[in-house]
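Chemist: Got a predicted structure plus its sequence, pasted below:
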Amino acid sequence: MAQVLQLDQQQEQLAVRIKYLKLKRINDLNEKLRSELSRERITASNACLSLINFTTNNTDYTLPDVWGHLEPGKNHFRETVRLRRANRPSASADSTGCCTIV
């Protein structure tokens, strides 16, 4: 009789733990949904206008047909590539490629 009573208590404790874990999971999901709901939202049309404003106000010289070419000496990325080439040991001094095949 005592064993049966002990098994019933263990099953009740297990049921309480399972209910607690389910409640905790639901509360976590609810909190996640609340934080997602509080996030600032904009309409698609406002997002498109913002994107259009950014692309018209910021020059992108990777599109030379639209923005033209950079003046010589203004491209800081090209200078970085030159510095890397100068510091890299190469097989021949007059090598102009980006890679060395050994």
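Modeler: Cool, got the structure.

Chemist: Quick check: which ranges of the chain have low pLDDT?
Modeler: In the predicted model, the chain carries pLDDT under 70 at residues 79-98, 100, 102.

Chemist: Helices along that one, start to end?
Modeler: Along the chain, counting by DSSP state H, helices occupy 2-38, 44-57, 64-67, 76-87.

Chemist: could you dump those to TSV with distance to residue 101 and mean neighbour count?
Modeler: (C-beta placed from N, C-alpha, C; glycine too.) Compiled in TSV, the helices of the chain are given as follows (distance: least, C-beta to C-beta, whole Å; neighbours: other C-beta atoms under 10 Å):
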stretch	distance to residue 101	mean neighbour count
helix 2-38	52	10
helix 44-57	39	10
helix 64-67	30	9
helix 76-87	15	10
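
Chemist: closest to residue 99 out of those helices?
Modeler: helix 76-87 (10.8 Å; C-beta to C-beta).

Chemist: re the thing from before, okay, the helices of the chain in TSV with distance to residue 99 next?
Modeler: Output for the helices of the chain, formatted as TSV (distance: least, C-beta to C-beta, whole Å):
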stretch	distance to residue 99
helix 2-38	47
helix 44-57	33
helix 64-67	25
helix 76-87	11
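
Chemist: quick one, what contacts residue 49?
Modeler: Not one residue lies near residue 49 by C-beta atoms under 8 Å, 6 or more residues apart in numbering.

Chemist: From residue 78, how far off is it?
Modeler: Distance of residue 49 to residue 78, computed by C-beta to C-beta, to the nearest Å: 34 Å.

Chemist: repeat for residue 3
Modeler: According to C-beta to C-beta, residue 3 and residue 78 sit 83 Å apart.

Chemist: ditto for residue 57
Modeler: Counting by C-beta to C-beta, the gap from residue 57 to residue 78 is 24 Å.
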